[in-house]
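>>> Have a look; sequence and predicted model below, questions after that.
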Amino acid sequence: MKTRTGWLFVDSVFPVRLGSWDLRHYLRYLREETLLAEIQHVLSTVKTHDFHVLSLEPHVKDGGVFVQFRYSADDQTPALDAIMQDLKGKTAEQGGMPSWLGLSRGNVWLVKGKPWHEDMRRFASPILKVAFEGPDVHEESLYELLRPFGRIEDITHPTPVPAGVLRSSFVTYQRLRSAAIAHNAVHGVSVSPSPSATTLTVLRTSYQVPIQAHAVRDYVTNHPRIFLPVLFFLVGTLTYTIFDPIRTLMVEGKMEGWFNIKEFKLYQWFQTNALDRFSLTSTSRTDNSTPSHIEEVWKERRDAEGALERYLTDKPSTVAFVHGPQGSGKSAMIAASLKDTGRKAIVIDVKELSKASSDTALVTGLAVQTGYWPVFSIFNSINNLIDLASVGLIGQKAGLSSSLEEQLKQILEVVGTGLTRVNAAHRSQRSHAVKQAHLAELRKEEGALVGARIRQGVWHDGRLDCLAGNGVMSELGVGDEWFGEADATEHHAPTSVEGNEKTAADKEAEVDELKRRQKNAEETHAVEAMPIVIIKGFESKGAGPNREVLLNVLAQWSAKVAQNQIAHVVVVSDNRENAKTLAQALPSQPLNLITLSDADKHSALSFVQQKLYDAGMQVSFTSGQRSYVERLGGRASDLESLIHKIRGGLTVEDAVEDIIVRGVGEIRKNAFGDEIEDAKNLPWTREQAWFLLKHLSKRPEISYHEVLMDFPFKGDEAPLRNLEHAELIAIGTLNGRPSTIRPGKPVYRYVFERLVGDVAFQATQDISFNEKVIASAEGTVKTCELELLTLKDVDAGTTRWYGSRSAVSSRGDYLLKKMKTAEEKIEVLEKQNATLKKILSKAG
């Protein structure tokens with residue numbers, strides 16, 4: 001007998017890997033040796049045709065084991081059938097082959113093809129691709145060959161393929177296990193494509209992914225006009241139906257303080273009863289607002305507070321624009337007003353938003369300030385990529401990405417919806433409180449009326465008759481008839497018709513009066529229920545393109561919120577000119593301008609004295625000390641600094657001197673720059689700054705147009721505007737046009753004097769200024785010289801002695817006078833520079 005070899009495949013020994021994420025195959029290390037030993041034991045019981053196991057080779061990816069065996073037979077097919085019958089019988093007796101789960105469920109299959117030991121990233125799938133290396137195999141033949149491994153759901157016909165590619169059919173099994181067995185049992189088998197065929201076809205099997213990535217990709221790329229609109233619709237629906245309500249709720253929660261732990265009653269109780277008692281300084285009295293008795297001494301602020309209070313107690317139809325120099329107390333005044341009203345407010349700080357380095361940071365910052373959450377800023381970048389892809393696919397943008405302006409508008413639209421809900425909730429709460437108060441008042445009046453009638457002896461409660469048993473009516477539980485005021489006396493005057501009419505008229509008047517009061521109360525509570533929107537730092541100073549977009553969007557949204565009476569809007573700025581953007585958003589309504597100016601001398605002194613008195617310091621200023629305090633003017637920030645320095649132990653003179661010295665350093669750095677490179681980056685020149693400082697050190701204000709006429713400005717208003725935005729100067733207006741120039745702070749006048757009085761600094765700046773003027777004058781001289789040479793040629797070519805010679809002579813005289821003036825100026829300035837250089841040499 002001839003010795004032969006063959007292969008078996010034992011399935012379900014290990015878990016079938018479904019993908020690279022499937023980690024179950026690591027469990028095989030726990031029982032692999034045991035499982036292989038058990039399989040060896042079951043197979044060794046078969047002795048048909050000298051059956052003997054040669055090797056066991058695990059094929060972990062498909063969850064099975066390849067078994068190589070040896071047998072003796074002259075005729076191969078009957079011998080293999082007999083061996084497989086005995087193997088299946090022995091396996092059935094054992095209840096199946098051992099498995100990694102501890103259950104006997106596997107079976108033994110004869111490998112009709114060639115075992116393929118591969119470890120590629122091709123994982124098992126219920127769809128098996130059968131490629132034909134030769135003529136196509138009929139569907140019936142495939143079914144007969146593959147059906148023993150499991151139930152087949154479908155077999156596809158071979159489709160045309162490019163040259164060099166094998167034709168194939170797809171066989172879909174009902175179970176993944178069946179596909180894994182078939183793949184390992186028939187791969188490489190040679191079969192007859194048909195009963196009459198003379199050649200054999202080799203079958204090559206492989207797994208096919210049920211949903212292929214390229215299928216989805218091909219559908220999207222081939223049908224963009226269908227897929228993209230559906231995608232946008234789904235994304236938009238998801239946003240508006242799920243995220244926008246959540247964002248509105250988060251905005252409402254931020255305004256109501258739902259997420260602020262300091263608003264919780266438990267925290268407040270714990271702070272009052274534990275933290276404040278054990279802390280050295282009380283944290284419950286943190287108050288940055290100015291007390292009422294101090295406000296009384298600052299009469300300049302009372303007008304602004306009154307205007308703001310009138311705006312907040314009336315239905316909004318426009319925006320309140322609060323402006324004043326930096327440090328004038330705008331924030332403190334608004335904080336005090338909010339504390340007095342007790343109303344909810346949302347604060348948008350434009351200055352902080354302007355620090356954002358990108359559009360994404362700006363959108364995120366606005367969302368944080370308003371409570372808008374969740375924010376998917378990264379999606380906008382992805383949307384931009386989708387737009388680029390759609391241009392390549394369909395020739396136009398998909399419109400999924402949005403600009404910065406659209407993103408800001410979307411956030412503010414949701415914030416407006418949140419404000420509307422807060423307004424409605426507060427109005428409902430106040431209406432309920434009014435009704436409860438009205439019912440309590442009615443009960444109180446009824447009780448007072450009953451008490452009065454009891455005291456008069458004219459009150460009778462019928463329920464007492466039921467208890468006392470008086471008369472037949474008591475048995476019915478009703479009581480006697482009502483005992484009114486007419487029964488209180490024996491003689492009753494006849495009631496006249498006029499009296500009845502008068503009484504009816506009085507009652508009608510009382511009802512009308514009650515309705516009027518109730519209506520007024522409802523209107524008052526409706527106004528008090530409105531939230532407040534505060535927009536701080538509304539300025540275009542240092543503005544880039546993003547800041548301009550932000551200001552425009554905020555201006556339009558503020559106008560919409562105010563005109564729709566959703567909330568009161570208060571915009572805070574350091575400069576009145578910044579109101580232009582708001583005015584453009586409200587073309588039909590004037591802005592409610594509220595100006596907060598510096599205090600006068602008397603108010604400033606009273607303010608300092610009152611503050612020091614509250615700190616426990618009884619101070620009476622001398623005339624000299626008053627003059628020092630007056631140097632600070634009425635700027636609140638400087639006065640507060642003075643108070644802190646005096647409380648720290650400095651005298652008034654030393655405190656004011658320290659403020660002036662600090663201001664000198666600030667002006668020297670901000671107006672002139674520490675180095676030449678810093679000065680080049682300033683939006684003005686050192687000569688322009690020095691010109692203003694030198695003149696403002698001598699006069700409290702100078703003419704705006706006079707400054708523009710000559711060097712170093714020569715009609716250029718931009719440096720002046722930039723100096724104003726830097727708060728180095730303040731530009732006064734008259735009839736809506738610029739009129740005067742003053743120091744940016746009252747104390748800056750003395751700072752300017754100190755800078756001008758610095759001999760070395762003054763000499764340096766004067767030399768630089770004079771050199772610029774000398775260069776300009778020399779340019780004038782050269783221009784005149786060139787024109788005089790031209791006039792000489794004109795004069796030489798003149799044929800007539802009258803007319804043209806007279807014009808040339810007049811023009812030449814004018815140029816000579818101009819040259820003389822410029823030359824004299826050059827000589828004077830050069831002498832000054834020589835003197836200034838000597839001063840510098842002595843100053844060291």
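Cool, the structure landed.
>>> drop to CA atoms for contacts and neighbour counts, all remaining ones
Will do.
>>> Need the three-state assignment for F9.
Here F9 is recorded as strand under DSSP: H, G, I helix; E, B strand; the rest coil.
>>> how about it, what does it touch?
For F9, the contact set (Cα atoms under 8 Å, 6 or more residues apart in numbering) comprises 64-67, 108-111, 181, 184-185.
>>> what bridges to it?
F66, W109 (DSSP bridges).
>>> Contacts made by stretch 146-153 with the rest, please.
Outside stretch 146-153, the residues that touch it by Cα under 8 Å, 6+ apart are 143, 171-175, 178-179, 181-182.
>>> list the buried ones in it?
Within stretch 146-153, the residues scored as buried using 16 or more other Cα atoms under 10 Å are 146, 149-150, 152.
>>> so which of these comes closest to K825?
Closest to K825 out of those is I152 (108.3 Å), distances taken as Cα to Cα.
>>> Once you drop chain neighbours, what's closest to that closest one?
Y173 (4.5 Å; Cα to Cα, 6 or more residues apart in numbering).
>>> lowest confidence element among the helices and strands of the protein?
The helix or strand of the chain with the poorest confidence is helix 292-295; it has a mean of 44 (mean pLDDT, DSSP states H and E).
>>> Count the neighbours of the closest residue to S703 other than its chain neighbours for me.
Excluding the flanking residues, the one nearest S703 by Cα to Cα, 6+ apart is T740, at 4.8 Å. By the criterion of other Cα atoms under 10 Å, T740 has 18 neighbours.
>>> same question, V747
Neighbour count for V747, taken as other Cα under 10 Å: 21.
>>> Quick check: it touching R662?
No - in this structure, V747 is not within contact of R662 by Cα atoms under 8 Å, at 10.9 Å.
>>> longest helix anywhere in this structure?
Counting by DSSP state H, the longest helix found in the chain is helix 404-456.
>>> what helices or strands is that one leaning on?
Helices and strands touching helix 404-456, by 3 or more Cα pairs under 8 Å, 6 or more residues apart in numbering; DSSP states H and E, are helix 244-256, helix 359-370, helix 497-528, helix 545-563.
>>> Could you list the buried residues of the shortest one?
By 16+ other Cα under 10 Å, the buried positions in helix 359-370 come out as 359-360, 362-370.
>>> and if you look at the last one?
The neighbour-count check on helix 545-563 (16+ other Cα under 10 Å) flags 546-547, 550-563 as buried.
>>> from those residues, which single one is nearest K409?
Set against K409, the nearest of the buried residues of helix 545-563 by Cα to Cα is V553 (6.6 Å).
>>> Confirm for me that that closest one is in contact with L404.
No - assessed by Cα under 8 Å, V553 is found out of contact with L404, at 10.1 Å.
>>> Closest one to K90 out of the contacts of F9, please.
Closest approach to K90 among those (Cα to Cα): V108, at 10.2 Å.
>>> For burial, what's the neighbour tally of that closest one?
Look at V108: counted by other Cα under 10 Å, it has 22 neighbours.
>>> Around the spatially closest residue to it that is not a sequence neighbour, count how many other residues there are.
The shortest distance from V108 to any non-neighbouring residue, by Cα to Cα, 6+ apart, is to V10 (4.7 Å). A total of 26 residues lie near V10 under the criterion other Cα under 10 Å.
>>> before we move on, back to that, now for the contacts of stretch 146-153: which two are most distant?
Greatest spatial distance in these: Y143 and R175, 15.7 Å, computed using Cα to Cα.
>>> which helices and strands sit right next to the helix or strand containing E666?
Following DSSP states H and E, one finds E666 within helix 652-672. Counting contacts by 3+ Cα pairs under 8 Å, 6+ apart, helix 652-672 packs against helix 623-631, helix 636-647, helix 686-696, helix 748-757.
>>> Buried residues, stretch 413-431. List them.
Buried residues in stretch 413-431, counting neighbours by 16+ other Cα under 10 Å, are found at 414-424, 426-427, 430-431.
>>> And stretch 243-257, by the same measure?
By 16+ other Cα under 10 Å, the buried positions in stretch 243-257 come out as 244, 246-256.
>>> Just list the residues touching the residue nearest to the spatial centre of the chain, thanks.
Nearest to the mean C-alpha position of the chain, counting by Cα atoms, centre = their mean, stands A367 at 2.4 Å. By Cα under 8 Å, 6+ apart, the contact set of A367 is 373, 375, 411.
>>> try 10 Å this time
Contact analysis of A367 by Cα atoms under 10 Å, 6 or more residues apart in numbering lists 247, 251, 348, 361, 373-375, 408, 411-412, 415.
>>> And for R105?
So, once contact is read as Cα under 10 Å, 6+ apart, R105 ends up touching 11-13, 91-92, 94-99.
>>> Compare those residues and tell me which has the most neighbours.
Result: V13 is most packed of the contacts of R105 (other Cα under 10 Å), 29 neighbours.
>>> tell me the SS of that residue?
coil.
>>> Kindly give the local confidence score, pLDDT, for it.
At V13, the model reports a pLDDT of 90.
>>> The helix or strand hosting E140: which residues count as buried?
Element membership of E140, judged by DSSP H and E, is helix 139-146. For helix 139-146, the neighbour count (16+ other Cα under 10 Å) marks 139, 142, 146 as buried.
>>> May I have the strands that pair with the following helix or strand past that helix, each with its orientation?
Next along the chain after helix 139-146, taking DSSP H and E as the criterion, comes strand 152-155. Here strand 152-155 has these sheet partners by DSSP bridges: strand 168-173 (antiparallel).
>>> which other residues reach stretch 510-527?
312-316, 423-424, 426-431, 433-435, 438, 504-509, 528-529, 565-568.
>>> if I pick T313, what's in contact with it?
341, 524-528, 530, 568.
>>> Make a markdown table out of these and add pLDDT and distance to D654.
Shown next, in a markdown table, are the contacts of T313 (pLDDT from 0 to 100; distance: Cα to Cα, whole Å):
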| residue | pLDDT | distance to D654 |
| --- | --- | --- |
| T341 | 85 | 40 |
| T524 | 80 | 52 |
| H525 | 76 | 52 |
| A526 | 82 | 53 |
| V527 | 89 | 50 |
| E528 | 87 | 48 |
| M530 | 92 | 48 |
| H568 | 95 | 45 |
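>>> Assign L128 to helix, strand or coil.
Per three-state DSSP, L128 ends up strand.
>>> Can I get stretch 611-629 in CSV? Just the C-alpha atoms.
C-alpha atoms of stretch 611-629 as CSV (Å, rounded to 0.1, in the frame of the first residue of the first chain):
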residue,chain,number,x,y,z
LYS,A,611,-12.5,108.3,51.6
LEU,A,612,-9.8,108.9,54.2
TYR,A,613,-12.4,109.5,56.8
ASP,A,614,-14.1,106.1,56.0
ALA,A,615,-10.6,104.5,56.4
GLY,A,616,-10.3,106.0,60.0
MET,A,617,-8.1,109.0,59.1
GLN,A,618,-9.2,112.4,60.1
VAL,A,619,-7.5,114.7,57.6
SER,A,620,-7.6,118.4,57.2
PHE,A,621,-5.7,119.7,54.2
THR,A,622,-3.6,122.8,54.3
SER,A,623,-3.7,125.3,51.5
GLY,A,624,-0.4,123.8,50.2
GLN,A,625,-1.7,120.3,50.3
ARG,A,626,-4.9,121.4,48.5
SER,A,627,-2.8,122.8,45.7
TYR,A,628,-1.0,119.4,45.4
VAL,A,629,-4.3,117.5,45.3
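>>> can you list the residues that contact it?
By Cα under 10 Å, 6+ apart, stretch 611-629 touches 290-291, 293-294, 601-602, 604-610, 630, 638-640, 642-644, 646-647, 651-657, 747.
>>> Buried only: go through those for me.
294, 601, 604-605, 607-610, 630, 638-639, 642-643, 646, 652-653, 655-657, 747.
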